[in-house]
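> need a structure here:
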Amino acid sequence: MGLVRQRFQAWWQARLPLKDSTTLTQRNVYILPTRPGFMLGLTLLVLLVASINYQLNLGYLLTFMLTGAAIIGVHVCHGTLSGLTMHLIAPDAHFAGASVPLGIQLNNPSKRNRYGIGLAVLGSGHWSWTDVGPQGSAKVQISFPATGRGLQPVPALTAETRFPLGTFRVWTVWRPASKVLVYPAPELNPPPLPPGEPRSGGAQTAQRHTTGEFDGVRAYRRGDPLKLVVWKKAAKSDELVSRDAQQAQRLELWLDLGAVESQLRSRAAGAARELALSRLCAWVLQAETRGLRYGLRLGSHELAPDSGPAHQKNCLQALALA
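Okay, here's the model as predicted:
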C-alpha cells in the first residue's frame with residue numbers, strides 16, 4: 001500500500017508545472033476535513049437524530065448553528081490561501097550535508113488578513129508559520145538537507161492552513177523551477193597542502209619545503225612592506241608573516257584532481273573520486289584562508305592560479321560540477 005501511494009504521489013507531482021512564482025486559485029488549492037472535522041460532522045449527525053427523535057427545538061437550533069459555523073469555516077479556510085502569490089527567492093550555493101535555506105515571499109493582494117499559513121518541504125513535517133496583512137507581504141524561511149553535490153533541484157514545497165476552526169485543511173503543492181548548486185563536503189581533517197610546482201619556463205633550482213607544504217610565506221622581517229603581510233594568517237596565529245616574493249616567483253600551488261584520485265584509489269576504489277573532490281574542496285578553503293595563490297586541475301579543465309573570493313567561488317563551482 002505504501003509503495004502504491006508513493007508511486008501515485010510521484011506521478012501526481014510530475015504533472016505539476018515547474019515555476020518559481022505561483023498564484024493560488026481554485027485550480028491548485030485543495031480542501032479536506034481534518035480528524036476534528038470528521039468528529040464535528042459525526043457530532044452534528046448525532047445531534048440531528050436526537051433532535052428528530054425527541055422533538056427538541058433547542059436541539060435543532062444548536063445543530064443548525066454549529067452547521068452554519070462549520071460552513072462559514074470552510075469558506076474562510078479556503079479563502080485564506082486562495083489568491084495568495086508565492087515567490088521563491090533564489091537559494092545560494094551550499095556544501096553537501098548542510099541545510100539549504102529557502103526564502104519564500106508571500107504577497108497578499110486582498111484587503112483582509114491571512115492568518116495561520118504554514119510552509120514546508122513536502123513530506124518533511126517541519127513547518128514555518130506566518131500571517132500576511134492586508135495588501136502586504138511576508139517572508140518565510142524553510143530548509144532542506146543537501147544530500148549530494150552538483151546542481152540539485154529544489155524539492156516540492158507545500159503550503160497549508162487550518163484557520164479558523166481547525167476542522168478543515170486547505171493545502172497546495174508547488175514545484176519550483178530553481179536549482180541549487182551544492183559543493184562537495186570538505187574533508188574534515190585533510191592532509192597538508194601539496195608542494196608547489198616549478199613555474200613553466202622558470203628556474204630549475206626551484207625547491208620544495210622540507211615540510212612538504214607550499215606556504216609561500218615566511219616570518220616577518222623588519223622593513224617588509226605592509227602589503228606583503230598576510231593579515232588573515234596573522235589574525236589567526238597572532239604572528240606576523242610575510243609573503244615570500246622570491247618563492248612565489250619560483251613555485252606555483254596546483255590542486256590536481258587526477259593526482260589525488262590516484263592516491264585514494266587504492267583505499268576506496270568506488271568512492272575515490274568523491275573523496276578526492278572533498279579533499280580538493282578542503283584544500284581550496286585552506287589555501288584561500290591562508291591568502292595563497294592556487295590553481296585547480298580537473299582533467300583537461302584548468303583554472304589558473306589566483307586568489308580571492310571570486311576565484312574560490314569558481315573553483316568550488318568547478319568541483320561541484322566535476
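> how many neighbouring residues does Thr172 have?
Residues within reach of Thr172, counting by other Cβ atoms under 10 Å, total 21. The way it works is simple: take the backbone N, C-alpha and C, and place the C-beta from them, glycine included.
> that one is in contact with Ile31, isn't it?
No: with contact defined as Cβ atoms under 8 Å, Thr172 does not count as touching Ile31 (10.3 Å).
> for this protein, name the helix or strand with the lowest mean pLDDT.
Sorting the helices and strands of the chain by mean pLDDT, DSSP states H and E puts helix 245-250 at the bottom, at a mean of 54.
> pretty sure Gly37 contacts Thr167?
Yes: using Cβ under 8 Å, Gly37 is in contact with Thr167, at 3.6 Å.
> overlap in contacts, these two.
Shared contacts of Gly37 and Thr167, defined by Cβ atoms under 8 Å, 6 or more residues apart in numbering, are found at Ala70.
> can you map out the strands along the stretch 151-300 of the chain?
Under the criterion DSSP state E, counting those that start in this stretch, the stretch 151-300 of the chain contains strands at 157-161, 168-174, 179-183, 197-198, 217-219, 241-243, 251-256, 294-298.
> mind putting the ones you listed into JSON lines with mean pLDDT and distance to Ile117?
Below are the strands of the stretch 151-300 of the chain laid out as JSON lines (pLDDT from 0 to 100; distance: least, Cβ to Cβ, whole Å):
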{"stretch": "strand 157-161", "mean pLDDT": "97", "distance to Ile117": "5"}
{"stretch": "strand 168-174", "mean pLDDT": "96", "distance to Ile117": "10"}
{"stretch": "strand 179-183", "mean pLDDT": "95", "distance to Ile117": "24"}
{"stretch": "strand 197-198", "mean pLDDT": "76", "distance to Ile117": "57"}
{"stretch": "strand 217-219", "mean pLDDT": "65", "distance to Ile117": "54"}
{"stretch": "strand 241-243", "mean pLDDT": "67", "distance to Ile117": "54"}
{"stretch": "strand 251-256", "mean pLDDT": "87", "distance to Ile117": "47"}
{"stretch": "strand 294-298", "mean pLDDT": "93", "distance to Ile117": "45"}
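> distance to Leu285 added to these, as a markdown table?
Shown next, in a markdown table, are the strands of the stretch 151-300 of the chain (distance: least, Cβ to Cβ, whole Å):
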| stretch | distance to Leu285 |
| --- | --- |
| strand 157-161 | 31 |
| strand 168-174 | 35 |
| strand 179-183 | 10 |
| strand 197-198 | 20 |
| strand 217-219 | 17 |
| strand 241-243 | 19 |
| strand 251-256 | 11 |
| strand 294-298 | 11 |
